[in-house]
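S.K.: dropping the sequence and predicted coords here.
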Amino acid sequence: MRAVQARTAGGPDVLELTDLPDPAPGPGELLVRVAAAGVNFIDTYRRSGVYPVDHPHVVGVEGAGVVEALGDGVEGFAPGDRVAWNEAPGSYAELALVPAHNAVHVPDGLDLTTAAALPLQGMTAHYLVTSTFAVAPGHDVLLTAGAGGVGLLATQLATARGGRVLTTVSTAEKAALSRAAGAAHTIDYSAMDDLATQLPAVVRDLTDGAGVHVVYDGVGRATFDASLASLRPRGTLVLFGGASGQVPPFDPQRLNSGGSLYLTRPTLAHHTATRTELERRAGEIMAAAASGDLDVRIGATYPLAEAAEAHRALEGRATTGKVLLLP
C-alpha cells in the first residue's frame, strides 16, 4: 500500500509517500480501505515532535472508508461496512488498522468524504457546546478561528441551541463563511496590532460592555490573553487547542482579577471515553450532516502525495473548513 510517513520530527518536508506492506488486522482491529483521511493539527504536533511519537511513523489518526477484514474478537462490524474513526494512527494510507472500539458506522445518506470530516472536528464541536459549556438561549459566545473546521461546525451548533455567536476571522472570505454558518458578528483581527486589548474592546462593544459568557479558543498562545479579557465575570474560557502554539504558564490570580473566571482545557478523548458516549456523539453529528441540518464544509482535498502541502496550508492558516487527503 501507499502511505505517508514522517521520517523524523520536523517540518512538512519530513513527510514522504512510500510503499509499505499491506497490514493485517490484529485482535480487536478492522482493516479498512481508506476513502478519505482527515488532516488535523494533532497530526502536525506529532510530525513536528510537539507530541512525542516514534519516527518514522505513518501520519494521521482520522478517516472514513470500507471494512475489508476483521481481526479476532471483533463484533458489530462486517466486511463491506462503511465506517469512520478518530484515533487510528496510520490513517494517511490506502489501508488503515482501526481499533474497533474507535470506529463508528456511517449512516445511509452520508458520503464517506463528508463522514471523514466529522470524527475529530465534528465531535469536538459537539462536546464543546453541549458538555464543556452547554450553550443555551441568551448566551453570548466568542469563537476564535470562526472559519476553521471546528469553528464553522460549532457556530452552527451553538446558534441552534440559542446562543449568539461572535467569531474572529482574518479575511473577508472567512468572514462571509462564518456569517453563513450563523455568526451574528465577525471580528477581523488581521489589522489589530495589540490583540490583547483591541479584541476585548470590540467584544465588549458588541455585548453592551458585559463581555461574553464563554470563549471557545482553539488558537492558543496568540489569542489566550485576548480571550481571557473578553469574558464577563464568572465567564468560562475553553482552551481546546493550540494552533498558534501552546499557552505558557500563567498566574491563576488572573482568574480572580478577571471576575472569578473559569478556565478548562478539555480533549475529545475524555468526552468519548465510553462506547455509549462515542456512539451518541458520533450518531448525533453524523445524523445532522446526513439530514442537511449541519453543513460540513470540505475546504480542500489533496492526494496522498501532497500531504506536505496540506500541512503547510493548515499551519499557515490558509484553509477553511476541513482538509482531507484522498488516497
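M.R.: Good, I have the coordinates.

S.K.: which residue ranges of the stretch 51-200 of the chain form helices?
M.R.: Shown for the stretch 51-200 of the chain, the helices assigned by DSSP state H, counting those that start in this stretch span residues 112-116, 121-127, 149-160, 172-180, 195-206.

S.K.: switch those helices over to JSON lines; also include distance to residue 64.
M.R.: (Glycine included, C-beta is placed from N, CA and C.) Formatted as JSON lines, the helices of the stretch 51-200 of the chain follow (distance: least, CB to CB, whole Å):
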{"stretch": "helix 112-116", "distance to residue 64": "4"}
{"stretch": "helix 121-127", "distance to residue 64": "12"}
{"stretch": "helix 149-160", "distance to residue 64": "15"}
{"stretch": "helix 172-180", "distance to residue 64": "23"}
{"stretch": "helix 195-206", "distance to residue 64": "36"}
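
S.K.: where does the stretch 51-200 of the chain dip in pLDDT?
M.R.: Scanning the stretch 51-200 of the chain for pLDDT under 70 picks out nothing.

S.K.: in stretch 290-308, what's buried?
M.R.: By 16 or more other CB atoms under 10 Å, the buried positions in stretch 290-308 come out as 290, 294, 296-300, 302, 304, 306-308.

S.K.: grab the most central residue of this structure for me.
M.R.: residue 121 (3.1 Å; CA atoms, centre = their mean).

S.K.: wait, what's in contact with the residue lying closest to that residue once chain neighbours are set aside?
M.R.: Closest residue to residue 121 apart from its sequence neighbours, by CB to CB, 6 or more residues apart in numbering: residue 149 at 4.0 Å. Contact partners of residue 149, counting by CB atoms under 8 Å, 6 or more residues apart in numbering, are 117, 121, 297, 299, 321-323.

S.K.: contact partners of the top helix by length along the chain?
M.R.: Longest helix in the chain by number of residues (criterion: DSSP state H): helix 275-291. Under the contact criterion CB under 8 Å, 6+ apart, helix 275-291 has outside partners 84, 101-102, 104, 106-110, 114-115, 118-119, 122-123, 125-127, 153, 271-272, 294, 296.

S.K.: cool, stretch 300-313 as well?
M.R.: Stretch 300-313 is touched from outside by 2-4, 12-13, 15, 17, 36, 39, 43-44, 47, 59, 92-94, 113, 318-319, 321, 323-327, with contacts defined as CB under 8 Å, 6+ apart.
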